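>>> Sequence first, then the predicted structure, then my questions.
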Amino acid sequence: MVTHVPAEAHGDERGALLSFVEAQRGALRRSVLGLTEEQAASRPSASELSLSGLLKHVAEMELNWLRMAQQRPNERQRSEETWGDSFRLVGDETVPGVLAFWDSVTKETEEFIRSVPSLDDTFPLPPAPWFPKDGRVSTRWLMMHLVEEIARHAGHADIIRESLDGKGAFDLVALEQGGDWGA
(Lines give C-alpha, C1' and ligand atoms only; values in the text may rest on other atoms or scores of the structure.)
Protein backbone atom coordinates (compact mmCIF):
# COMPACT_ATOMS: atom_id res chain seq x y z
CA MET A 1 0.00 0.00 0.00
CA VAL A 2 1.39 3.40 -0.93
CA THR A 3 -0.77 5.56 1.33
CA HIS A 4 -1.06 5.74 5.12
CA VAL A 5 -4.52 4.84 6.40
CA PRO A 6 -5.32 6.54 9.69
CA ALA A 7 -8.19 5.48 11.93
CA GLU A 8 -10.58 8.32 12.70
CA ALA A 9 -9.86 7.93 16.42
CA HIS A 10 -8.13 5.40 18.67
CA GLY A 11 -10.34 2.36 19.06
CA ASP A 12 -12.79 3.50 16.37
CA GLU A 13 -13.31 0.23 14.52
CA ARG A 14 -15.99 1.54 12.16
CA GLY A 15 -13.87 4.51 11.22
CA ALA A 16 -10.83 2.32 10.66
CA LEU A 17 -12.73 -0.12 8.46
CA LEU A 18 -14.27 2.71 6.44
CA SER A 19 -10.83 4.30 6.05
CA PHE A 20 -9.25 1.07 4.80
CA VAL A 21 -12.08 0.53 2.31
CA GLU A 22 -11.69 4.11 1.09
CA ALA A 23 -7.91 3.71 0.72
CA GLN A 24 -8.48 0.76 -1.61
CA ARG A 25 -11.15 2.66 -3.52
CA GLY A 26 -8.67 5.50 -3.95
CA ALA A 27 -6.08 3.16 -5.43
CA LEU A 28 -8.58 1.96 -8.01
CA ARG A 29 -9.84 5.47 -8.80
CA ARG A 30 -6.27 6.71 -9.30
CA SER A 31 -5.68 4.01 -11.90
CA VAL A 32 -7.58 6.06 -14.50
CA LEU A 33 -6.01 9.46 -13.74
CA GLY A 34 -5.04 11.22 -16.95
CA LEU A 35 -6.32 8.48 -19.25
CA THR A 36 -8.71 8.78 -22.17
CA GLU A 37 -11.84 6.65 -22.34
CA GLU A 38 -10.10 4.50 -24.95
CA GLN A 39 -7.04 3.95 -22.76
CA ALA A 40 -9.22 3.12 -19.74
CA ALA A 41 -11.16 0.58 -21.83
CA SER A 42 -8.08 -1.04 -23.36
CA ARG A 43 -6.89 -4.52 -22.40
CA PRO A 44 -3.09 -4.49 -22.65
CA SER A 45 -2.60 -8.04 -21.35
CA ALA A 46 -3.94 -11.52 -21.94
CA SER A 47 -6.67 -10.73 -19.40
CA GLU A 48 -10.08 -9.45 -20.45
CA LEU A 49 -9.87 -6.80 -17.70
CA SER A 50 -9.74 -3.08 -18.40
CA LEU A 51 -9.49 -0.19 -15.96
CA SER A 52 -12.94 1.16 -16.78
CA GLY A 53 -14.39 -2.33 -16.50
CA LEU A 54 -12.77 -2.82 -13.10
CA LEU A 55 -14.25 0.47 -11.88
CA LYS A 56 -17.71 -0.59 -13.00
CA HIS A 57 -17.38 -4.08 -11.55
CA VAL A 58 -16.23 -2.84 -8.16
CA ALA A 59 -18.98 -0.19 -8.00
CA GLU A 60 -21.62 -2.81 -8.81
CA MET A 61 -20.02 -5.33 -6.43
CA GLU A 62 -20.12 -2.83 -3.56
CA LEU A 63 -23.75 -2.01 -4.35
CA ASN A 64 -24.61 -5.72 -4.39
CA TRP A 65 -23.07 -6.32 -0.95
CA LEU A 66 -24.70 -3.17 0.42
CA ARG A 67 -28.12 -4.32 -0.79
CA MET A 68 -27.57 -7.77 0.75
CA ALA A 69 -26.67 -6.15 4.09
CA GLN A 70 -29.67 -3.83 3.86
CA GLN A 71 -31.79 -6.83 2.84
CA ARG A 72 -33.14 -4.86 -0.12
CA PRO A 73 -33.35 -5.82 -3.80
CA ASN A 74 -30.38 -4.81 -5.93
CA GLU A 75 -31.54 -2.51 -8.71
CA ARG A 76 -28.47 -3.49 -10.75
CA GLN A 77 -28.59 -7.23 -10.15
CA ARG A 78 -26.72 -9.18 -12.81
CA SER A 79 -27.79 -12.44 -14.37
CA GLU A 80 -25.57 -15.05 -15.93
CA GLU A 81 -26.34 -13.49 -19.31
CA THR A 82 -25.38 -9.95 -18.24
CA TRP A 83 -22.45 -10.82 -15.94
CA GLY A 84 -19.86 -9.92 -18.59
CA ASP A 85 -21.34 -6.41 -18.90
CA SER A 86 -20.30 -5.75 -15.30
CA PHE A 87 -16.67 -5.75 -16.52
CA ARG A 88 -17.01 -3.35 -19.46
CA LEU A 89 -18.68 -0.07 -20.23
CA VAL A 90 -21.63 -0.44 -22.57
CA GLY A 91 -23.86 2.00 -24.40
CA ASP A 92 -23.28 5.57 -23.29
CA GLU A 93 -21.42 4.66 -20.06
CA THR A 94 -18.27 6.68 -19.37
CA VAL A 95 -15.54 6.63 -16.75
CA PRO A 96 -16.86 9.86 -15.13
CA GLY A 97 -20.36 8.36 -15.08
CA VAL A 98 -19.15 5.15 -13.44
CA LEU A 99 -17.14 7.14 -10.90
CA ALA A 100 -20.20 9.27 -10.08
CA PHE A 101 -22.31 6.13 -9.63
CA TRP A 102 -19.63 4.60 -7.40
CA ASP A 103 -19.45 7.83 -5.36
CA SER A 104 -23.17 7.53 -4.65
CA VAL A 105 -22.72 3.90 -3.60
CA THR A 106 -19.78 4.73 -1.33
CA LYS A 107 -21.79 7.49 0.36
CA GLU A 108 -24.66 5.08 0.94
CA THR A 109 -22.27 2.40 2.24
CA GLU A 110 -20.77 4.82 4.76
CA GLU A 111 -24.20 5.99 5.93
CA PHE A 112 -25.30 2.38 6.36
CA ILE A 113 -22.16 1.32 8.25
CA ARG A 114 -22.41 4.30 10.58
CA SER A 115 -26.11 3.60 11.23
CA VAL A 116 -26.07 -0.12 12.08
CA PRO A 117 -26.35 -0.67 15.82
CA SER A 118 -23.42 -3.09 15.90
CA LEU A 119 -20.77 -4.42 13.55
CA ASP A 120 -21.77 -7.82 14.96
CA ASP A 121 -25.21 -7.52 13.31
CA THR A 122 -25.61 -10.19 10.64
CA PHE A 123 -27.47 -10.61 7.40
CA PRO A 124 -28.25 -13.69 5.32
CA LEU A 125 -26.28 -14.75 2.30
CA PRO A 126 -28.31 -15.65 -0.78
CA PRO A 127 -28.41 -19.21 -2.05
CA ALA A 128 -25.35 -19.76 -4.24
CA PRO A 129 -22.88 -22.60 -4.75
CA TRP A 130 -20.08 -20.51 -3.20
CA PHE A 131 -21.98 -19.62 -0.01
CA PRO A 132 -22.75 -22.01 2.86
CA LYS A 133 -26.37 -23.17 3.10
CA ASP A 134 -28.28 -20.73 5.33
CA GLY A 135 -25.07 -18.68 5.71
CA ARG A 136 -24.92 -15.35 7.50
CA VAL A 137 -22.15 -12.79 7.80
CA SER A 138 -21.63 -9.81 10.08
CA THR A 139 -21.41 -6.19 9.09
CA ARG A 140 -17.76 -6.34 10.23
CA TRP A 141 -17.20 -9.26 7.83
CA LEU A 142 -18.80 -7.19 5.05
CA MET A 143 -16.33 -4.36 5.59
CA MET A 144 -13.34 -6.71 5.66
CA HIS A 145 -14.65 -8.36 2.49
CA LEU A 146 -14.91 -4.97 0.77
CA VAL A 147 -11.26 -4.27 1.67
CA GLU A 148 -10.30 -7.68 0.26
CA GLU A 149 -12.35 -7.41 -2.93
CA ILE A 150 -11.44 -3.83 -3.78
CA ALA A 151 -7.75 -4.40 -2.97
CA ARG A 152 -7.66 -7.43 -5.24
CA HIS A 153 -9.00 -5.39 -8.14
CA ALA A 154 -6.77 -2.41 -7.29
CA GLY A 155 -3.85 -4.79 -7.74
CA HIS A 156 -5.19 -5.80 -11.14
CA ALA A 157 -5.52 -2.10 -11.96
CA ASP A 158 -1.89 -1.47 -10.96
CA ILE A 159 -0.69 -4.03 -13.50
CA ILE A 160 -2.99 -2.77 -16.26
CA ARG A 161 -1.98 0.86 -15.70
CA GLU A 162 1.74 0.05 -15.68
CA SER A 163 1.22 -1.88 -18.92
CA LEU A 164 -0.43 1.15 -20.50
CA ASP A 165 2.05 3.90 -19.68
CA GLY A 166 4.50 2.68 -17.05
CA LYS A 167 2.88 4.64 -14.21
CA GLY A 168 2.90 2.76 -10.91
CA ALA A 169 1.04 3.40 -7.69
CA PHE A 170 3.59 5.92 -6.35
CA ASP A 171 3.44 7.85 -9.64
CA LEU A 172 -0.36 7.98 -9.47
CA VAL A 173 -0.42 9.19 -5.85
CA ALA A 174 2.02 11.94 -6.84
CA LEU A 175 -0.06 12.77 -9.94
CA GLU A 176 -3.22 12.99 -7.83
CA GLN A 177 -1.43 15.40 -5.48
CA GLY A 178 -0.15 17.48 -8.39
CA GLY A 179 3.45 16.37 -8.08
CA ASP A 180 5.93 13.99 -9.62
CA TRP A 181 7.16 10.87 -7.86
CA GLY A 182 10.63 11.22 -9.34
CA ALA A 183 11.02 14.86 -8.24
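Ah, there it is. Numbers count the residues shown, from 1 in each chain.
>>> show me where pLDDT drops low in this protein?
Along the chain, the parts satisfying pLDDT under 70 run over 1-2, 7-9, 181-183.
>>> how about the helices of it, start to end?
13-30, 37-41, 51-70, 95-115, 139-165, 169-176 (DSSP state H).
>>> So which of these is the most surrounded?
Comparing these by mean neighbour count (mean count of other C-beta atoms under 10 Å), helix 51-70 ranks first with a mean of 21. (C-beta placed from N, C-alpha, C; glycine too.)
>>> and it, what other elements does it pack with?
When contacts are defined as 3 or more C-beta pairs under 8 Å, 6 or more residues apart in numbering; DSSP states H and E, helix 51-70 packs onto helix 13-30, helix 37-41, helix 95-115, strand 122-124, helix 139-165.
>>> Name all residues that make contact with the spatially closest residue to D85 that is not a sequence neighbour.
Nearest residue to D85, sequence neighbours excluded (C-beta to C-beta, 6 or more residues apart in numbering): R78, at 7.4 Å. Applying C-beta atoms under 8 Å, 6 or more residues apart in numbering, we find R78 in contact with 60, 85-86.
>>> Tell me which of the helices and strands packed on helix 51-70 lies nearest to W130.
Nearest to W130, of all the helices and strands packed on helix 51-70, is helix 139-165, at 12.6 Å by C-beta to C-beta.
>>> Could you tell me the angle between the closest one and helix 51-70?
Relative orientation of helix 139-165 versus helix 51-70 (axes from the mean of the first three to the mean of the last three C-alpha atoms, to 10 degrees): 180 degrees.
>>> Helix 139-165 relative to helix 169-176, how many degrees between them?
Using the same axes, to 10 degrees: helix 139-165 against helix 169-176 is 90 degrees.
>>> what packs against helix 139-165?
Judged by 3+ C-beta pairs under 8 Å, 6+ apart, helix 139-165 is in contact with helix 13-30, helix 51-70, helix 95-115, strand 122-124.
>>> Include distance to P44 when you put the ones you listed into a markdown table, please.
Putting the helices and strands packed on helix 139-165 into a markdown table (distance: least, C-beta to C-beta, whole Å) gives the following:
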| stretch | distance to P44 |
| --- | --- |
| helix 13-30 | 17 |
| helix 51-70 | 10 |
| helix 95-115 | 16 |
| strand 122-124 | 38 |
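>>> can you put the helices of the chain in CSV and add distance to P129?
Shown next, in CSV, are the helices of the chain (distance: least, C-beta to C-beta, whole Å):
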stretch, distance to P129
helix 13-30, 27
helix 37-41, 31
helix 51-70, 16
helix 95-115, 26
helix 139-165, 18
helix 169-176, 35
